[in-house]
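*Asks:* All I have is the shape, not the residue letters:
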């Protein structure tokens, strides 16, 4: 067997190992996501709905006993809790997959996310997007989730300004760079979360100082993954 044949056999074995590793990472990430979803539903909406049911029972008893004022008071509280449950489920729906991402694509979804983050946390989010058309749907969803997590991590650092740039390189890969001026240290465990999610697409994550107290997170997804 020639050296070239041996090299090709080695490359094929390496590619099979990498695919198997990525598959394991994807399964693990999906399991963790399901656990987080189950915990969120149990501790949030399910508990709220159970509480609402008890409050409505109390309303019925108050009506039967002729305590109309008590019934109105408890019903008002039940309605407010019901509205809170709706807001919680609406937020969950957006976090799982925003309608704008599904219907319009990654660029409008990131624009909506940046606007929401800026308004909710009263900070400036500078967005620069380039060449994001033609990405595979699963890549759009995964990249949106990665960038949302990166933004949430930046918010916890207490910044006044966040800059997020996402572009398609000449080689076809997608590179996202997030810079913030937060004062709180970015923990290694937080970066590992991003690394795990990017690894399911064969991507990489690198965190480094951004100068003047800022931090920079760079996420890259390879060209062969992002194509349709």
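*Replies:* Done, it's in. In this text, all values refer to a predicted model and were calculated from it rather than measured experimentally.
*Asks:* For the rest of this, base every contact and every neighbour count on C-alpha atoms.
*Replies:* Noted.
*Asks:* Report the residue spans of the protein with pLDDT below the cut-off.
*Replies:* Scanning the chain for pLDDT under 70 picks out the ranges 1-5, 15, 18-31, 33, 93-97, 184, 186, 210-213, 227-228.
*Asks:* I'd like the distance from residue 32 to residue 73, if you could.
*Replies:* Residue 32 sits 41 Å away from residue 73, taking C-alpha to C-alpha, to the nearest Å as the criterion.
*Asks:* same check, this time on residue 221
*Replies:* Distance, residue 221 to residue 73, using C-alpha to C-alpha: 55 Å.
*Asks:* For the residue nearest the centre of the chain, give me phi and psi.
*Replies:* For the chain, residue 145 is the residue whose C-alpha lies nearest the centre (C-alpha atoms, centre = their mean; 3.2 Å). Residue 145 adopts backbone torsions of phi -60, psi -40, taken as degrees, to the nearest 10.
*Asks:* about what we covered before: between residue 221 and residue 73, tell me which one has more neighbours.
*Replies:* Between residue 221 and residue 73, residue 221 has the larger neighbour count (other C-alpha atoms under 10 Å), namely 23 against 11.
*Asks:* Contact partners for that one?
*Replies:* 173, 174, 175, 198, 201, 202, 203, 204 (C-alpha atoms under 8 Å, 6 or more residues apart in numbering).
*Asks:* quick one: it from residue 206, how far?
*Replies:* 12 Å.
*Asks:* do the same with residue 141
*Replies:* To residue 206, residue 141 is 21 Å away according to C-alpha to C-alpha.
*Asks:* Compare those two (neighbour count), which wins?
*Replies:* Under the criterion of other C-alpha under 10 Å, the comparison of residue 141 against residue 206 puts residue 141 first, with 18 against 14.
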